[in-house]
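Colleague: Sequence and predicted model, in that order:
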Amino acid sequence: MDAETREFARSFTRYVDAMATVAREADAAEHRLTEVGQLVQDFLGADLQTVEPVTESFPAHQVVDLDLALDALLETYRGERQGISGANREHVDSVSEYLVRTHSAFSPGPVSYRRLATGPDTDRRVVTLGIGMLRFDGVPVAWLQRGANRRHGRDEHTLELLCPDLDRAEAFMRLVRDEMSRLSILRGQVISFASDEFDYHDPGGSLTFLRRPEVGPEQVVLPAGVLDRVTRHVVGVGAHRETLRAAGQHLKRGVLLYGPPGTGKTHLVRHLLSRTPGTTAVLLSGRTLGLLTTATTLARAAQPALIVLEDCDLVAEHRGGDTNAALFETLEAMDGLAADADITFVLTTNRADLLERALVERPGRVDLAVEIPKPDLEGRRRLFGLYGAALLEAGGVSEAALQTAAARTEGVTASFAKEAIRRTVINAAQQGRPPADIDLSHALDEMLSDAEALTRSLLGGEAHSFGDDVDPGSDAPAGRAYGRTARPGLHPGDAGGPDWVISFEGS
């Protein structure tokens, strides 16, 4: 080898060595700990690359419970909480990216919070980005707590644990779950879900806390014995739960309330809620019927519980499938509960005929079916007396006028009676005077006219009973039944039009 070749070889060797050094330095820089990472590594006393994270996700309804549990454990074990500062901190995919320098350098900073409801009139600051550190039975445990944010690809709240001892990490996670159950804000509350596809923080459906309604038995107008049957099944069983458990009898139960729209099914549910203080109630209707699995999980953890499925025949519509198939899924959810689970399912429907096959093929899931019919004459008298009590007390509307109103309104529902009284007040207010008998008479004249047929239908009245003759075998709408034939034991119900949505504001 001549001198020139040897010099080239030496130069090339130096170049290769230099490139290797640059590569090692770049690799070291890429895996260098951030300030947050150094803080956590020093606390754990172990190389972070040897610590395997334990991760769990939590749906929206468990976020406050998780935050309460972690706060309690930090206090019990004298731990501390630290926030994170740095660019693009919301775009990070995992805890390791906060700890190891990649594209951004993260340093300790303030904890990030968001306010979430804990009741109808209360809320709490909940951690959406923060690190906790404590010693659990002498073993260091650190965690990253992050809130859901669909905009950044996170559909649920997450908790990522770091601990040199994997067994202790799993034990700590179990302790977190136990504390969540012990401290849960959900137990004894009345809860509904609001499904909002544009809510980046709660993509799975945000939790809404409702005031427990106050509806006394004197405010519920039903045929004799119906109210007692339902309350005995829903409330009475729970009152004797320990006796039933000791005798090996199951506690979970299903009640079906069926009948035309506007007859008081939802009002009866409100009464049941008022009779069960301390019971967790989960209300599902409309689009939130698709959250049945979430509701069942919540109820199981917060017993005793009541799950209400308003217009349960609409489950299929919101799932894009067959009504019976969707109801089978509902009944399977009931089957998935332990026999001693103190959970009541209350299903309401205007179309019991659509549910019959599913209920027959899954016997025992619904153990009480009660028809809520249109009121008879005595029922209408009680309804007009109930809704017109304030007018009667004021002296403007007479008892005789209310009795006459009941006699004139055969075939109508409780909703119709309530609307008639409301229109009475409106008519008088527009004349600038207190309500009188003539205002009630005019309100009924208006509502019973042919021009108000659709209004009567929407209030639960039979349109054809006011002059629309329809062949029952045709496809044309026969009042609210749409030409359907009733099957023995089940009301043909309603093929269209809304029943009233559950609401606890007002009467």
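Modeller: The structure has been received and is ready for your questions.

Colleague: show me what contacts P164?
Modeller: By Cβ atoms under 8 Å, 6 or more residues apart in numbering, the contact list for P164 reads L44, G45, A46, T50, V51, V139, P140. The C-beta positions use only the backbone N, C-alpha and C, and glycine is treated the same way.

Colleague: To clarify, my last question referred to L166.
Modeller: Taking Cβ under 8 Å, 6+ apart, one finds E52, V54 in contact with L166.

Colleague: for this protein, which strand is longest?
Modeller: strand 123-136 (DSSP state E).

Colleague: So which elements touch that strand?
Modeller: helix 35-44, helix 63-76, strand 80-85, strand 112-117, strand 139-146, helix 166-183 (3 or more Cβ pairs under 8 Å, 6 or more residues apart in numbering; DSSP states H and E).

Colleague: ok, back up a step: what's the most distant pair in the contacts of P164?
Modeller: The most widely separated members of the contacts of P164, counting by Cβ to Cβ, are T50 and V139 (14.8 Å).

Colleague: Now list the buried members of the contacts of P164.
Modeller: With burial judged by 16 or more other Cβ atoms under 10 Å, the buried subset of those is L44, A46, V51, V139, P140.

Colleague: can you pull out the strands in the chain?
Modeller: Here the chain has its strands, by DSSP E, at 54-58, 80-85, 107-109, 112-117, 123-136, 139-146, 157-162, 190-194, 206-210, 253-258, 280-284, 305-309, 343-349, 368-371.

Colleague: Which one of those strands lies nearest to D2?
Modeller: With Cβ to Cβ as the criterion, D2 lies closest to strand 107-109 of the strands of the chain, at 57.2 Å.

Colleague: how about the nearest residue to R187, chain neighbours excluded?
Modeller: Leaving aside its sequence neighbours, R187 sits nearest to A302 (Cβ to Cβ, 6 or more residues apart in numbering; 4.4 Å).

Colleague: can you tell me which residues contact R212?
Modeller: R212 neighbours (Cβ under 8 Å, 6+ apart): V190, L273, S274, P277, A281, F504.

Colleague: I131 - nearest residue in space that isn't next to it in sequence?
Modeller: Nearest non-adjacent residue to I131 (Cβ to Cβ, 6+ apart): Q82, at 4.7 Å.

Colleague: what do you get for F58?
Modeller: Nearest non-adjacent residue to F58, counting by Cβ to Cβ, 6+ apart: H157, 4.5 Å away.

Colleague: Over to G86?
Modeller: Nearest residue to G86, sequence neighbours excluded (Cβ to Cβ, 6+ apart): F106, at 3.8 Å.

Colleague: Kindly report the same for L402.
Modeller: Computed as Cβ to Cβ, 6+ apart, the closest residue to L402 that is not its neighbour in sequence is F384, at 4.4 Å.

Colleague: circling back: show me what contacts the residue nearest to R187?
Modeller: S184, L186, R187, G188, T280.

Colleague: One more pass at 10 Å, please.
Modeller: Shown in contact with A302 (Cβ atoms under 10 Å, 6 or more residues apart in numbering): 61, 65, 181, 184-189, 191, 279-282, 343.

Colleague: Now restrict those to buried residues only.
Modeller: With neighbours counted by 16+ other Cβ under 10 Å, those contain buried members at 61, 65, 184-189, 191, 279-282, 343.

Colleague: Share the number of residues neighbouring V92, please.
Modeller: 20 (other Cβ atoms under 10 Å).

Colleague: Please identify the nearest residue in space to it, excluding sequence neighbours.
Modeller: V92 sits nearest to Y98 (Cβ to Cβ, 6+ apart), 5.8 Å away.

Colleague: cool, T231 as well?
Modeller: According to Cβ to Cβ, 6+ apart, the nearest residue to T231 is R275 (6.2 Å).

Colleague: you'd agree that neighbour is up against V234?
Modeller: Yes. Under the criterion of Cβ atoms under 10 Å, R275 makes contact with V234 at 7.8 Å.

Colleague: Out of the helices and strands packed on strand 123-136, which one sits most buried?
Modeller: Comparing these by mean neighbour count (mean count of other Cβ atoms under 10 Å), strand 139-146 ranks first with a mean of 24.

Colleague: In terms of secondary structure, what does that strand contact?
Modeller: If you count contacts as 3 or more Cβ pairs under 10 Å, 6 or more residues apart in numbering; DSSP states H and E, strand 139-146 packs onto helix 35-44, strand 54-58, helix 63-76, strand 80-85, helix 95-99, strand 123-136, strand 157-162, helix 166-183.

Colleague: Distance check, P213 against L347.
Modeller: When distance is defined by Cβ to Cβ, to the nearest Å, P213 is 19 Å away from L347.

Colleague: scratch that, S57 is what I was asking about
Modeller: If you go by Cβ to Cβ, the gap between S57 and L347 works out to 30 Å.

Colleague: The two: which is more packed in?
Modeller: The residue with more neighbours, out of S57 and L347, is L347; 27 against 13, by other Cβ under 10 Å.

Colleague: Quick check: the gap between that one and S192.
Modeller: Using Cβ to Cβ, one gets 16 Å for the distance from L347 to S192.

Colleague: if I read this right, V36 contacts P108, doesn't it?
Modeller: Yes. If you go by Cβ under 10 Å, V36 and P108 touch, sitting 6.1 Å apart.

Colleague: From the chain's centroid, how far away is stretch 36-47?
Modeller: Taking the mean of its C-alpha atoms, stretch 36-47 sits 40 Å from the chain's own mean (Cα atoms, centre = their mean, to the nearest Å).

Colleague: quick one: low-confidence parts of the stretch 51-200 of the chain?
Modeller: 102-104, 152-153, 195-200 (pLDDT under 70).

Colleague: Verify the contact between the residue nearest to I131 and L134 for me.
Modeller: No. Applying Cβ under 10 Å, one finds Q82 not in contact with L134, separated by 11.8 Å.

Colleague: can you list residues touching both of those two?
Modeller: Joint contacts of Q82 and L134 (Cβ under 10 Å, 6+ apart) are F43, A142.

Colleague: Of R275 and V234, give the one with the bigger neighbour count.
Modeller: Set side by side, R275 and V234 show more neighbours around V234, with 23 against 16, by other Cβ under 10 Å.

Colleague: Contacts only, for that one.
Modeller: With the criterion set at Cβ under 10 Å, 6+ apart, V234 makes contact with 253, 255, 268-269, 271-273, 275-276, 279, 306, 344, 346, 368.

Colleague: tell me which residues in stretch 242-256 are buried?
Modeller: In stretch 242-256, counting by 16+ other Cβ under 10 Å, buried: L244, H250, L251, K252, R253, G254, V255, L256.

Colleague: which of those residues has the weakest pLDDT?
Modeller: Ranked by pLDDT, the buried residues of stretch 242-256 bottom out at H250 (67).

Colleague: Can you say which of the helices and strands packed on strand 139-146 is nearest to K418?
Modeller: strand 123-136 (33.9 Å).

Colleague: next one: that closest one to chain centre, how far?
Modeller: Computed by Cα atoms, centre = their mean, the separation of strand 123-136 from the middle of its chain amounts to 25 Å.
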